[in-house]
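**Q** Build the 3D model from these lines:
(one chain, ligands or ions: 1)
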Amino acid sequence: RPAIVWFRDDLRMADHPALHEAAASGRPLICLYIIDDVTPALHPLGAAVRWWLHGALAELRGQLEKHGGTLLTLSGSTEKLVPQLAKQTDAASIHWHHRLHERERAQDDRIRQALEQQGCEVKAHWGTVLVDPEAVQTKQGGFYKVCGSFWKALQTQAVPEPLDAPHKLSFHAIPKSLLSDARLNEEGLCPHAPDWAEGFRKTWEPGEAEGQEHLQDFLKDAVADYPRGRDRVAEEGTSRLSPYLASGAVSPRQVWAALQKHGAHTEGPRIFLSELGWREFARYTLYHLPKLPFENLSPKFSKMHWRKSAADLKAWQRGQTGVPIVDAGMRQLWQTGWVHNRARMIVGSFLTKHLLIDWKEGEAWFRDTLVDVDFANNAMNWQWVAGTGIEATPFFRIFNPTRQAEKFDPDGDYIRQWVPELRRLSGKALFEPWAAKDEELEKAGVRLGKSYPRPIVDLKEGRDRALQAFRSL
Ligand code: FAD
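**A** Now for the predicted structure:
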């Protein structure tokens with residue numbers, strides 16, 4: 001009787017406790033992935049992440065093929081397909097990694113019951129976090145609401161050592177009809193008409209091997225300078241590991257272990273690990289506070305009068321706000337599926353404060369356009385930026401986009417790269433074209449309102465409007 005390994009957001013061979021356990025059982029394996037576009041989803045797959053998934057699944061299948069097996073990709077209702085496959089193949093056991101949200105856990109419980117009734121044993125492990133979210137508790141037995149205290153407490157726990165990829169695997173024979181469908185199911189993930197993914201292909205190569213390479217390159221080239229480099233939007237000062245972590249091509253325990261080995265006590269690795277701490281905290285918060293993606297965690301914001309402006313929202317989404325650093329960030333996102341963390345904070349503050357548009361609009365747009373979208377990270381960070389979270393930047397702290405650009409893109413390289421129509425401007429005019437002299441604009445070939453938009457909001461007026469709305473709560 002075979003053992004099924006159900007891959008979810010853990011698309012890798014190494015440090016995969018579920019695969020490891022199934023392989024150790026000696027049973028022939030069935031490696032499964034399900035694309036479920038049928039069940040009303042907690043977080044439907046966005047277009048960008050579907051593109052990523054296509055590459056990540058192909059890479060995982062390639063790895064499994066080297067061992068003489070393959071990846072079976074089924075499309076349809078998860079709750080039907082898993083018990084059905086277990087029955088068809090008379091599977092003795094199924095192995096997976098826990099999910100975090102209470103609705104996902106409830107679904108897993110229903111599937112578990114169906115499987116157990118059929119005599120198929122279910123084995124679940126923690127594979128997408130450093131430690132079990134129940135293991136980190138306050139002295140009173142509750143959960144932490146502040147990342148710093150959480151991270152301190154987590155570091156007293158024993159983080160399990162990452163597991164090596166299994167050396168030897170044997171596979172169960174899968175009916176040919178199911179296998180030919182599998183490739184077709186995956187093809188549906190990629191954009192065809194139009195094929196908008198060129199910028200993604202130029203920027204990314206999904207998969208486990210590439211993820212490990214990113215980690216090693218970052219340790220070699222950038223971690224020492226991370227405390228400075230991580231805020232420079234034009235530099236490659238961060239690891240760009242996020243899509244690999246989000247899809248599970250790289251596990252957080254692998255990153256943790258690599259950093260410990262590298263010397264976690266020096267400043268660069270320590271600060272970098274604390275960012276991994278934010279990732280862990282987002283997952284921990286999603287586990288303990290399932291309303292995180294759906295409601296303001298700070299209840300006073302339920303009375304907030306967010307503006308509804310389809311035109312402003314569209315200008316923001318397309319990088320046509322007339323504020324260069326905001327447009328640069330939004331265009332980097334649109335073209336590559338990724339945007340620098342500092343730019344995420346700037347565009348997020350601009351949307352929720354200068355435009356006074358609900359953070360949920362930003363969360364939804366990011367969910368559709370990021371290749372690294374992570375349900376927990378995205379929601380927690382949007383609530384942080386908007387000031388509506390439990391631990392968040394105060395609402396009245398409003399980023400001035402021009403000051404941010406001057407500080408974190410001092411030479412203007414980032415703006416020039418992503419907003420090329422402004423590339424011949426220099427100095428202050430590049431950061432604030434609306435305040436530049438006519439001759440300056442003319443010399444650089446910039447015609448405000450024609451070749452580049454005028455700002456959709458006056459920065460001072462937008463700021464005052466946001467402060468007033470906040471005070472009225
Ligand atoms: P590095 O600086 O190299 O950090 C390493 C890893 O630590 C990241 O890959 C990520 O897993 C984690 N990390 C870093 N910063 C944060 C953070 N602030 N919160 C949580 N984890 C962090 N990150 C996502 O992975 N998915 C998202 O959907 C997402 N949405 C965001 C939305 C907004 C509005 C903001 C402000 C931030 C968001 N982030 C999100 C967090 C952060 O911007 C990205 O993780 C980071 O930019 C990824 O680049 P990197 O891998 O080079 O980061």
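**Q** contacts and neighbour counts: CA atoms only from here.
**A** Noted.
**Q** how distant is stretch 161-171 from the center of its chain?
**A** With CA atoms, centre = their mean, to the nearest Å as the basis, stretch 161-171 stands 26 Å off its chain's centre.
**Q** just stretch 346-360 next, same as before
**A** With CA atoms, centre = their mean, you get 19 Å for stretch 346-360.
**Q** what comes into contact with the lowest-mean-pLDDT helix or strand in the chain?
**A** Of all helical and strand segments in the chain, the minimum by mean pLDDT, DSSP states H and E falls on helix 176-187, at a mean of 76. Contact with helix 176-187 is made by 35, 54, 57, 72, 73, 74, 75, as judged by CA atoms under 8 Å, 6 or more residues apart in numbering.
**Q** now swap in stretch 44-52 and tell me
**A** 37, 189-191, 197, 206, 337, 367-373.
**Q** switch the cut-off to 10 Å
**A** 35-37, 53, 56, 186-191, 196-197, 200-201, 204-207, 243-244, 246-247, 334, 336-338, 364-375 (CA atoms under 10 Å, 6 or more residues apart in numbering).
**Q** and it with the ligand, contact?
**A** No: Stretch 44-52 lies out of reach of the ligand by CA under 6 Å from any ligand atom, never closer than 10.3 Å.
**Q** Export that stretch to PDB, keeping only CA atoms.
**A** The C-alpha coordinates for stretch 44-52 follow below in PDB (Å, rounded to 0.1, in the frame of the first residue of the first chain):
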ATOM      1  CA  PRO A  44      -7.500  32.600  -4.000                       C
ATOM      2  CA  LEU A  45      -4.300  32.300  -6.000                       C
ATOM      3  CA  GLY A  46      -3.300  35.600  -7.600                       C
ATOM      4  CA  ALA A  47      -2.200  35.800 -11.200                       C
ATOM      5  CA  ALA A  48       1.500  36.400 -10.300                       C
ATOM      6  CA  VAL A  49       1.700  33.600  -7.800                       C
ATOM      7  CA  ARG A  50       0.100  31.200 -10.300                       C
ATOM      8  CA  TRP A  51       2.900  32.000 -12.700                       C
ATOM      9  CA  TRP A  52       5.400  31.300  -9.900                       C
END
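**Q** Would you confirm that residue 314 belongs to a helix?
**A** Yes: secondary structure assignment (DSSP: H, G, I helix; E, B strand; the rest coil) places residue 314 inside a helix.
**Q** which residues touch it?
**A** Here residue 314 is in contact with 320, 321 (CA under 10 Å, 6+ apart).
**Q** Any figure for the gap between it and the ligand?
**A** Distance check for residue 314 against the ligand: by CA to the nearest ligand atom, to the nearest Å, it reads 17 Å.
**Q** So which residues on the stretch 201-350 of the chain come close to the ligand?
**A** Proximity of the stretch 201-350 of the chain to the ligand, by CA under 6 Å from any ligand atom, involves residues 230, 238-242, 245, 275-276, 278-279, 340-341, 344-345, 348.
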